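> Make a model of this:
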Amino acid sequence: MPATQKPMRYGHTEGHTDVCFDDSGSFIVTCGSDGDVRVWEDLDDDDPKSINVGERAFSCALKNGKLVTAVSNNTVQVYTFPEGAPDGILTRFTTNANHVVFNGDGTKIAAGSSDFLVKVVDVTDNSQQQTFRGHDAPVLSLSFDPKDIFLASSSCDGTVRVWNISDQACAISWPVLQKCNDVVNAKSICRLAWQPGTGKLLAVPVEKSVKLYRREAWSNPFDLSDSSITQTLNIVTWSPCGQYLAAGTINGLIVVWNVETKDCMERVKHEKGYAICGLAWHPTCGRVCYTDVEGNLGILENVCDLSGKVSSHKVSSRVEKDYNDLFDGDDTSSAGDFLNDNAVEIPSFSKGIVNDDDDDDDLMLTSDRLRRRSHVLGDDENSVDAPMLKTDLHKEEGEDDQADSIHNLPLTKSQRPFYDGPMPTPRQKPFQPSSTPLHLSHRFMVWNSVGIIRCYNDDQDSAIDVEFHDTSIHHATHLSNTCNYTMGTLSHEAVLLACESTDELASKLHCLHFSSWDSSKEWIVDMPQDEDIEAICLGQGWAAAATTALLVRLFTVGGVQREVFCLPGPVVSMAGHGEQLCILYHRGTGFDGDQCLGVQLLELGQKKKQVLHGDPLPLTRKSYLTWLGFSAEGTPCYVDSEGCVRMLNRGLGNTWTPVCNIREHCKGKSDHYWVVGLHENPQQLRCIPCKGSRFPPTLPRPAVAILSFKLPYCQTATEKGQMEEQYWHSVLFHNYLDYLAKNGYDYEENIKNQAVKEQQELLMKMLALSCKLEREFRCVELASLMTQNAVNLAIKYASRSRKLILAQKLSDLAAEKAAESEEAQTEEEKEEDFRIKLNAGYSHTATEWSQPRARNQVEEDTEDREETVPEEKPEPHNHGQNLLQSANSPDMPALKSGAVFSSSQGRVNPFKVLVNSKEPAVSMSSTRSTNILDNMNKSSRKSTPLNRAANNEKSPVIKPLVPKPKSKQASAASYFQKRTPQADKPEEVKENPKNPSSETPAVCLQNSENQRPKTGFQMWLEENRSHILCDNPDLSDEADIIKEGMVRFRVLSAEERKAWTNKAKGEITSDGAEAKKRKLEVREAENQEEAAKENTDVSKKRKVSALPTSQRLSAFAFKQE
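All right, here's what the predicted structure looks like:
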């Protein structure tokens, strides 16, 4: 089968990078232009050992526990391996050493420098040096003859020379290379290599082919080339067996030949086409490591069969006779593996030679894999007949005692089909946003807008430090990490930690609820057996944990278990904000480096709903997720490994819009930004810059940088493109205001007004630009995005610019906008009326339009209620006084005579008083709808202590933002708040000693300030109620009658509805006139009574003054008694 190419990873900063294996092949050693030598256990090693050897390292070689490097300070240094301790300087040059190599037994090194010299130095005694002079330009590369007789070198002078080591003489020179004056200008670094073992051939990369020179004869028997090679070859290396030769080009192509057959065995293309500058073959198996000029490290697995057999995709016509060939190393991986359960995670098997002395376990393992694969791979056009295969294999039964299992074996490798389709991508593992890798001893568990959680795992101590950006929330906390918590998150209410299960302990979820008002501030929940927590997050009043059982478990912040629901795939990451929960998971298996992720967005408030139903998550090609979170204003966002930041666009059907490319802000290709937060107002992307890595260290404390946003619009260098980007930028980053308004949150109106002003100015500028360019149709398109006032300005501009046709089109557009606005306003009023009427008979229960109240507001209301309770005690002797004050209140509209009002319980008001005693009271049953409709008021209520107390028993919904108290929606919704029995009690009225008349208007607490005149619909419903009940006798509920009435009323023509509206207005006017007349009569009567009283008082005074002094004194004494 073909070689398996693993995804490349960052190794060093951009620049020339070299690579080699240690003697056993256990470690990969790289060096780069950052001056570090890194020791990797594997490509997946996220914490390689790093040894700083200088400012820049050009080459490294490793043999017998000695690590030799060519460094930019013109020296060749030696270090112990794997400790990395300095062990001295082997030699010096007058300029940089470009290449360093060991001989076969590791006793000598050869180094070539830019000062044209080649030196051979004894490793144990650096005084034993040999200098080779003869090159006329910097030396590019060197290679020792395996027999230590010859040394080959290439140079910028265009020659390849072979030196005799003993006498330091040049044995042969070939002028085959292109000349140049320095290594940096060389088209190829020409890394040549001797064939291992015999040293029979010397391989030299020249242009697009590899020239092979025969030892001592120095002839060129043949060249190796391939049609796929389009650029110059840079480097060659031999397999340990000496049968295969690998070469890398300057455009990222790696080619492998079988030198004996001259066949091209493998062709592998670099992911991004960077030049291959380092190539090393594993000493024992078919693994090739390579590096590029950008500092990346890559690995090819299963490159060739090192036992010398034909490659897996060279189909042979003969059946192999050797039974052991059925169990060779290549069988550890095949196309069949991608069809079985192991396709989820692609294994990285090492290809080894199966020798005769291999243990039985390895043989059985391979045999099991072959049996498993035999059920997957069927017959195809390249297969030979099974009877023929069995016949050939049965011939070997006497030679091997394991022949009884031959019938279970598949076809031999030479007949096995070759899979050349898309390769599955390994699934990304779950992670916590803004956390650093688990293998680090000092790491960030989370860094978000609230604070930082650090984890320390030392030999002496294992602890967790919690730090808050705002210390007024909570002080810094130090926790012992005895349970080995690996996940953590932080909010304004709590700290949430989680750990995986062990053999003895279950997976745990640990919450520190520091905002709790009681003394118990911690709780721990154990997961069921064989269920591990993989991701956690916190919201406002809730916590969530996703587990390996594909479940999401919800908890209150106090520890009460809430809902549990399933995920369609393994979780990748989770984030919470307020009532919102965002979950990313694997929808399936991606191919060719792409991840296949899905996203769910849920709202966990009173009205629970799912906003995103597992939609595919857009990612850059060949990238993976690196960060997930919400903006400070509550908009979901995420970042991928290519640096693309995407934000949910609620204004475009919940689509994802790229708002920033972090890579544009990075100075070097190996630099990254580690995202910790995002803000929409002010517009900031908060990141930590990481030099040469993807994540920051815990010490020293990293500094946070702020990046700007830029939408990927075309031609932003032009004025038009720039303004378009600015306009849609402003629209996108102010969508959150509409979301807050829709959900009843509080926000600053001036922010929205400023945004609208900015957007309209940009539209006007774009319209003026289009007008100058004679793009009048475009002007109308831009005007369609404007507000009514802006369109009027556009009409004026078009008229002054003498664009009469444009002005006419804009005028038509303005008329359309005005009509649409009026229609929308009418519909809004109808909808509001419908909601009021629908809720009228059910005001004692919470409705779907009820708006939640903030906790602090409820607490304030409770205090107000306690203060005002004494004032609400009934005072019967003041009954008339309060009644008259209510009747004469200028805020209360005149009541329709004969109207009777009911409480929310549907009972008749026991304190009702008729407006006119001559008019009989109307029965309750005949005026039920009138009472209910008259009980509602469209205008906003005045806040009174009793009104606030009415809402006191409604449980508040905790939200991240305070609900807006005076917005239009909140005021409209206040009519549908849950009423308590206390609120429904009528106000106790007081007697007025000045006016004991019984002819006073009927008054109720809920109507004293909120009495509303009848609408056209109410009057129509009164007259048509009987018809509705006749047509629908099953309608017993008042709300259903109102619904049916609304439907019928809307069917009426516009003229009929208008007539009913005018009729209602006419009654209101007459009622108002009557009320004024009654008020004037009452005032005249009061004035007459006061005048009469004054006259009476005057006469009394006169009578008193006429009495003698003794009588007056006796009268005073009597009054005192």
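> Please spell out which residues along stretch 1048-1064 are buried.
Phe1049, Arg1057, Trp1060, Ala1064 (16 or more other Cβ atoms under 10 Å). Yep, even glycine has a C-beta here, placed from its N, CA and C like the rest.
> Check stretch 738-748 too.
Within stretch 738-748, the residues scored as buried using 16+ other Cβ under 10 Å are Tyr739, Leu740, Ala741, Asn743, Gly744, Tyr745, Asp746, Tyr747.
> got it, and stretch 444-461?
For stretch 444-461, the neighbour count (16+ other Cβ under 10 Å) marks 444-457 as buried.
> Now do it, average pLDDT.
Stretch 444-461 shows a mean pLDDT of 90.
> So what would you say the end-to-end distance of it is?
End-to-end distance of stretch 444-461 (Cα to Cα, to the nearest Å): 16 Å.
> Run through who's touching that stretch.
With contacts defined as Cβ atoms under 8 Å, 6 or more residues apart in numbering, stretch 444-461 is touched by 432-436, 441-443, 462-470, 473, 481, 485-492, 495, 497, 629, 632, 676-677, 686, 688, 695-696, 698.
> mind listing which of the residues you listed are in strands?
442-443, 462-468, 487-490, 495, 497, 629, 676-677, 686, 688 (DSSP state E).
> ok, back up a step: now render the buried residues of stretch 444-461 as CSV, adding distance to Ala815 and secondary structure.
Formatted as CSV, the buried residues of stretch 444-461 follow (distance: Cβ to Cβ, whole Å; DSSP: H, G, I helix; E, B strand; the rest coil):
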residue, distance to Ala815, secondary structure
Phe444, 59, strand
Met445, 60, strand
Val446, 56, strand
Trp447, 55, strand
Asn448, 51, coil
Ser449, 48, coil
Val450, 52, coil
Gly451, 56, strand
Ile452, 58, strand
Ile453, 60, strand
Arg454, 64, strand
Cys455, 65, strand
Tyr456, 70, strand
Asn457, 71, strand
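> follow-up on the earlier one: please spell out the ChimeraX selection for the buried subset of the ones in strands among the contacts of stretch 444-461.
Here is the ChimeraX command that selects the buried residues among those (16+ other Cβ under 10 Å):
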select :443,462,464,466,467,468,487,488,489,490,495,497,629,676,677,686,688
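> Tell me where the stretch 451-600 of the chain has strands.
451-457, 462-468, 477-480, 487-490, 495-499, 508-512, 522-526, 533-538, 542-547, 551-556, 561-566, 571-577, 580-586, 597-603 (DSSP state E, counting those that start in this stretch).
> returning to that earlier point: identify the farthest-apart pair in the buried residues of stretch 738-748.
Spanning the widest gap among the buried residues of stretch 738-748 are Tyr739 and Asp746, at 12.8 Å by Cβ to Cβ.
> Show me what the helix or strand where Glu820 lies is packed up against.
Glu820 is part of helix 804-839 when elements are defined by DSSP states H and E. Judged by 3 or more Cβ pairs under 8 Å, 6 or more residues apart in numbering; DSSP states H and E, helix 804-839 is in contact with helix 776-783, helix 788-800, helix 1038-1051.
> low-confidence ranges in the stretch 1001-1121 of the chain?
Where the stretch 1001-1121 of the chain drops to pLDDT under 70, the residues are 1001-1013, 1067-1121.
> can you list the weak-confidence ranges in the stretch 551-700 of the chain?
Within the stretch 551-700 of the chain, no range satisfies pLDDT under 70.
> rerun that using 90 as the cut-off
605-607, 667-671, 691-694, 698-700 (pLDDT under 90).
> Spell out which residues make up each domain of this structure.
Annotated domains of the chain cover 4-301, 442-715, 748-822 [the TED database].
> winner for burial among those?
With neighbours defined as mean count of other Cβ atoms under 10 Å, the domains of the chain peak in mean count at domain 4-301, which reaches a mean of 19.
> which residues touch stretch 78-90?
22, 27, 29, 37, 39, 49, 51, 53, 62, 65-69, 75-77, 109, 111, 121, 123, 126.
> Ok, stretch 507-519 next?
474, 477, 479, 483, 485, 492-501, 521-527, 531-533, 536, 543, 545, 547, 555, 557-559.
> repeat that with 6 Å
Here stretch 507-519 makes contact (Cβ atoms under 6 Å, 6 or more residues apart in numbering) with 474, 483, 493-501, 521-527, 532-533, 545, 557.
> Ramachandran angles for the closest residue to Asn73 other than its chain neighbours?
Computed as Cβ to Cβ, 6 or more residues apart in numbering, the closest residue to Asn73 that is not its neighbour in sequence is Gly54, at 5.4 Å. The phi/psi pair for Gly54 (degrees, to the nearest 10) reads phi 160, psi -170.
> quick one: Gly54 from Asn74, how far?
10 Å (Cβ to Cβ, to the nearest Å).
> Mutual contacts of these two, please.
Joint contacts of Gly54 and Asn74 (Cβ under 6 Å, 6+ apart) do not exist.
> okay, how far is it across stretch 87-101, tip to tip?
17 Å.
> and that stretch, what's its mean pLDDT?
Computed over stretch 87-101, the average pLDDT equals 92.
> ok so, going back, out of the domains of the chain, nearest to Glu828?
Nearest of these (Cβ to Cβ): domain 748-822, 10.5 Å.
> circling back: reformat the domains of the chain into a markdown table and put distance to Leu1021 next to each item.
Below are those laid out as a markdown table (distance: least, Cβ to Cβ, whole Å):
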| stretch | distance to Leu1021 |
| --- | --- |
| domain 4-301 | 71 |
| domain 442-715 | 30 |
| domain 748-822 | 25 |
